[in-house]
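**Q** Got a sequence here, can you model it:
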Amino acid sequence: MRTRMSVVLALMACVSGGRFAAAQTVRGRVIDAANKAPIMSVLAELRDLKGNLIVQTFTSPSGTFVLIAPPNQRYQLRFAAIGYARHAPLDVVLGNDPVALSDVVLTAVAVTLPEIRAMAGKRACGKSELTPDTFGGLIDVARTSLQMMDATMRSAQLGFEMQIMTRYAAKGSGKDSSISADTTAGTLREWPVRSLSIDSLQLGGFQRAKTEAEGFGYQYYGPDMTVLVSDWFLDTHCFSLDKDRSKGDTVVIKYDPIGHPKYVDVSGTLVLDRSSLTMRTLTWELRDLPDGVPDRAAGGDMHFAERSNGLWVPTDWVIWAPLTKVSRTISRPVMLGSPPGQRGGSARPPASMTTISAPPAPLVQLVGRKEQRGRLTRIVPIGGI
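**A** Have a look, this model is predicted:
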């Protein structure tokens, strides 16, 4: 309990220490609606009116929090806790005096087995169809789990030591003709999966053409935390219950692109623990990859667990992607404006005919596979706490 308390206090300390030259405080307490007990490790965020994050912290073992921000401004205070319904944002005006709030009450979310069975056969596409009867509640708790784990990893008061093994396999005529692997140790400071911005994903999907300096081919991306909790992701994917795998205390929700996407998109699963409503596993696979690259040749899975200090973090993951090279077909002349018939047998095209070269079509060739396996080895409090 002492270790758990010290880690949470360390997380709270990241918002203090003179971050703002002129600052004021917002303090309060978060309690359970049923038993009025304080709730520990609730994520409290102060955002400006445009939604930009100003500061965030976690509640202490007594359920209290303190946030420090510039005065004479209006803010929104938001809360997130695993296993609890989201609280409506609170409007906060910071003046020249500290702000003390009344108790913030969170209601526990419970999903019963009959409710899960009732979802079987249903399919919700887009955010507007995600109601409590069609996965809305489950998707919301999954997003909360992701948000809190991301906030934990980004804390400046904790160090996350990890071990990474990267493996390259070159494709030969039969099996992989050559394999190399390298194991390194490092520090995990952000979500292990890299993605593009939402704007880039809307324009070109989960891949990017490499530059000449990068060796051509394509760079592939997975869904990071920002993507998974975005409205864009919810509006462009369908969600359904995997009835065969949703047994006992496990709830498995599948997600797939709506319709036939124009660009490389992603499908996969969200695996939740039914009793605690925590996310245990995230899987993803890329769809509609370029010709020459089989679907699902890029993807990954990530597992989560609660450590002894009470924090939920990614514990291990594997990410794979194809190694490709791009060649181009030979351009051929194309005649535009040719009349239906030509008199006189002249070999020269008339003035109305234009000769152009068609743009070369890219040819993607699969040459190998890259795989990265990561494992969280230790959480280290920073600053001697």
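
**Q** In the stretch 51-200 of the chain, mark out all the strands, start to finish.
**A** 53-58, 64-69, 73-80, 90-94, 99-100, 104-106, 123-125, 158-171, 176-187 (DSSP state E, counting those that start in this stretch).

**Q** For Ala297, give me its contacts.
**A** Leu286, Leu289, Trp320, Ala321, Pro322, Leu366, Arg369 (C-beta atoms under 8 Å, 6 or more residues apart in numbering). C-beta here means a position set from N, CA and C on the backbone, and glycine is covered the same way.

**Q** which residues of the stretch 1-150 of the chain score low on pLDDT?
**A** 1-21, 110-118, 132-134 (pLDDT under 70).

**Q** again, but for the stretch 151-300 of the chain
**A** The stretch 151-300 of the chain contains residues with pLDDT under 70 at 155-158, 172-178, 216.

**Q** Strand partners (parallel or antiparallel) of the lengthiest strand in the chain?
**A** Using DSSP state E, we find that the single longest strand of the chain is strand 362-381. Using DSSP bridges, the strands paired with strand 362-381 in its sheet are strand 158-171 (antiparallel), strand 312-328 (antiparallel).

**Q** Ala33: how many residues sit nearby?
**A** As a burial measure, Ala33 scores 12 neighbours (other C-beta atoms under 10 Å).

**Q** meant to ask about Ala209
**A** 13.

**Q** Pro61 too?
**A** 15.

**Q** One more: the one 4 residues further on?
**A** Number of residues near Phe65 (other C-beta under 10 Å) recorded here: 24.

**Q** residue contacts, it?
**A** Met12, Arg27, Gly28, Arg29, Val30, Val42, Ala44, Thr57, Phe58, Thr59.

**Q** Give me the buried subset of these.
**A** Among the contacts of Phe65, those buried by neighbour count (16 or more other C-beta atoms under 10 Å) are Met12, Gly28, Arg29, Val30, Val42, Ala44, Thr57, Phe58, Thr59.

**Q** CA-only coordinates of the helix or strand harbouring the fourth one in PDB, if you can.
**A** Right, Val30. Here Val30, judged by DSSP states H and E, is contained in strand 24-32. Provided in PDB are the C-alpha atoms of strand 24-32 (Å, rounded to 0.1, in the frame of the first residue of the first chain):
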ATOM      1  CA  GLN A  24      -3.900  29.000  -9.200                       C
ATOM      2  CA  THR A  25      -5.200  25.700  -7.900                       C
ATOM      3  CA  VAL A  26      -8.300  23.600  -8.300                       C
ATOM      4  CA  ARG A  27      -8.800  20.900  -5.700                       C
ATOM      5  CA  GLY A  28     -11.500  18.300  -5.000                       C
ATOM      6  CA  ARG A  29     -12.300  14.700  -4.200                       C
ATOM      7  CA  VAL A  30     -13.800  11.900  -6.200                       C
ATOM      8  CA  ILE A  31     -16.100   9.300  -4.500                       C
ATOM      9  CA  ASP A  32     -18.100   6.300  -5.500                       C
END
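
**Q** Can you say which of the strands of the stretch 51-200 of the chain is nearest to Val313?
**A** Among the strands of the stretch 51-200 of the chain, strand 158-171 comes nearest to Val313, with 7.0 Å by C-beta to C-beta.

**Q** list the contacts for the closest residue to Asp182 other than its chain neighbours?
**A** Using C-beta to C-beta, 6 or more residues apart in numbering and skipping the chain neighbours, the partner closest in space to Asp182 is Thr166 (5.2 Å). With contact set as C-beta under 8 Å, 6+ apart, Thr166 has these partners: Ala181, Asp182, Thr183, Thr184, Lys370, Glu371, Gln372.
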